[in-house]
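> Whatever this is, show me its structure:
(one chain, ligands or ions: 1)
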Amino acid sequence: MSAEIIDGKALAATFRGQIAEEVSQLKNEKNIIPHLTAVLVGDDPASAVYVRNKQRACEKAGIQSTLKRLPAETSEAELISIVESLNADPGVHGILVQLPLPGHIKETAILDVVNPLKDVDAFHPENVGLIVQGRPRYLPCTPYGIQQMILSTKMETAGKHAVILGRSEIVGKPMAMLLIQRGLGADATVTICHSRTQNLNKIVKTADIIIAAIGKPEFVTAEMVKPGAIVIDVGINRVDDRLVGDVDFEGVKEVASAITPVPGGVGPMTIAMLLKNTLTAARIQSDSN
Ligand code: NDP
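Residues are numbered from 1 along each chain as shown. Modelled structure (predicted):
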């Protein structure tokens with residue numbers, strides 16, 4: 001039997017509708033309109049598309065969005081000073097620095113200066129620390145979206161073996177933290193694999209939940225997947241002008257119990273969770289004033 005396709009687009013639309021309602025409530029009750037400012041340095045076309053999609057989604061949900069576009073030659077010091085001015089602006093609730101930054105700018109030098117209350121990507125060390133301690137302020141958008149997709153399958157995750165492929169700071173590592181948390185949609189036993197992992201295929205084959213985030217087209221094949229597993233495909237790879245994930249969708253869908261497509265899976269949920277975090281940021285900041 002073919003797997004359930006987890007429709008990220010539809011799930012994201014449901015979240016976005018709910019967020020739009022809450023945004024309008026916040027405006028009516030407190031006269032606050034959540035405001036996200038995105039900072040885009042340089043002219044990487046993929047980054048420009050991601051930022052545009054995020055801005056459009058904000059506008060549709062009634063969230064104000066501003067784009068600060070800076071030339072590729074912007075220095076680290078200049079960028080720090082721009083982030084500091086956004087930190088100091090009470091009208092800005094969320095700051096998103098689009099990655100990757102040009103090579104001469106150290107990403108951590110920038111992410112570390114974002115006010116943790118405005119850090120809607122949850123990349124600041126304070127927010128990462130809160131996640132590790134199981135008392136998150138914000139959840140990073142991609143893992144947060146994946147958590148919601150897994151919850152949507154109604155599969156019991158407690159005690160199940162989740163194998164994450166990839167140990168990046170933005171996907172693999174925080175994903176592991178969410179899946180091992182006590183309680184809602186978690187309590188899994190987690191293994192993280194990376195490029196130095198030995199016997200990777202064997203490990204993946206024991207997984208009840210597979211999260212592929214390595215950026216290698218169709219790396220996960222049907223032979224690697226235990227029948228009935230949930231397979232979440234985070235990868236976005238351009239192959240012959242076509243977008244493909246890290247999972248061989250056609251083969252794996254015949255073995256898995258549920259699977260996310262690319263496109264239309266994790267991507268739209270990542271954006272929906274960014275909106276959710278921006279709304280939360282506006283609420284937190286209005287409560288602390
Ligand atoms: P990174 O490049 O930062 O990390 C890739 C990870 O995969 C690394 O930990 C690397 O290991 C590991 N890896 C690479 N090759 C292999 C291999 N052959 N076997 C095992 N592990 C391997 O990627 P990101 O986490 O930023 O992104 C991963 C993918 O997800 C990309 O395709 C990206 O475009 C996509 N993405 C999609 C998002 C969405 O919203 N849909 C959001 C973010 C990312 P090592 O550490 O040892 O080098």
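> For stretch 121-129, what does the pLDDT average out to?
Summarised as a single mean, pLDDT over stretch 121-129 is 98.
> could you dump it to PDB, C-alpha only?
Taking Å, rounded to 0.1, in the frame of the first residue of the first chain, the C-alpha atoms of stretch 121-129 are listed here in PDB:
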ATOM      1  CA  ASP A 121      14.600  31.900  13.700                       C
ATOM      2  CA  ALA A 122      15.700  30.800  17.200                       C
ATOM      3  CA  PHE A 123      19.300  30.800  16.200                       C
ATOM      4  CA  HIS A 124      20.600  33.000  19.100                       C
ATOM      5  CA  PRO A 125      22.600  30.900  21.700                       C
ATOM      6  CA  GLU A 126      20.100  32.000  24.400                       C
ATOM      7  CA  ASN A 127      17.200  30.600  22.500                       C
ATOM      8  CA  VAL A 128      19.100  27.400  21.500                       C
ATOM      9  CA  GLY A 129      20.000  27.000  25.200                       C
END
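> Mind listing what's buried along it?
Under the neighbour-count criterion of 16 or more other Cβ atoms under 10 Å, stretch 121-129 has 121-124, 127-128 buried. Where you see a C-beta, it was placed from the backbone N, CA and C, and this is true even at glycine.
> JSON lines please, covering these and showing distance to G265 and secondary structure.
Below are the buried residues of stretch 121-129 laid out as JSON lines (distance: Cβ to Cβ, whole Å; DSSP: H, G, I helix; E, B strand; the rest coil):
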{"residue": "D121", "distance to G265": "20", "secondary structure": "coil"}
{"residue": "A122", "distance to G265": "21", "secondary structure": "coil"}
{"residue": "F123", "distance to G265": "22", "secondary structure": "coil"}
{"residue": "H124", "distance to G265": "27", "secondary structure": "coil"}
{"residue": "N127", "distance to G265": "25", "secondary structure": "helix"}
{"residue": "V128", "distance to G265": "25", "secondary structure": "helix"}
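> Just name the closest of these to the ligand, please.
Distance ranking of these against the ligand, using Cβ to the nearest ligand atom, places D121 first at 10.7 Å.
> residue contacts, H93?
For H93, the contacting residues are 34-36, 118, 120, 278, 281-282, 285, by Cβ atoms under 8 Å, 6 or more residues apart in numbering.
> Give me the contact status of stretch 143-151 with the ligand.
No. With Cβ under 6 Å from any ligand atom as the criterion, the ligand is not reached by stretch 143-151; the gap is at least 7.3 Å.
> which residues touch that stretch?
Under the contact criterion Cβ under 8 Å, 6+ apart, stretch 143-151 has outside partners 6, 8, 11-12, 15, 139, 157, 171, 174-175, 177-179, 184-186, 209, 211, 230, 232, 234, 260, 265-266, 269-270, 272-273, 276-277.
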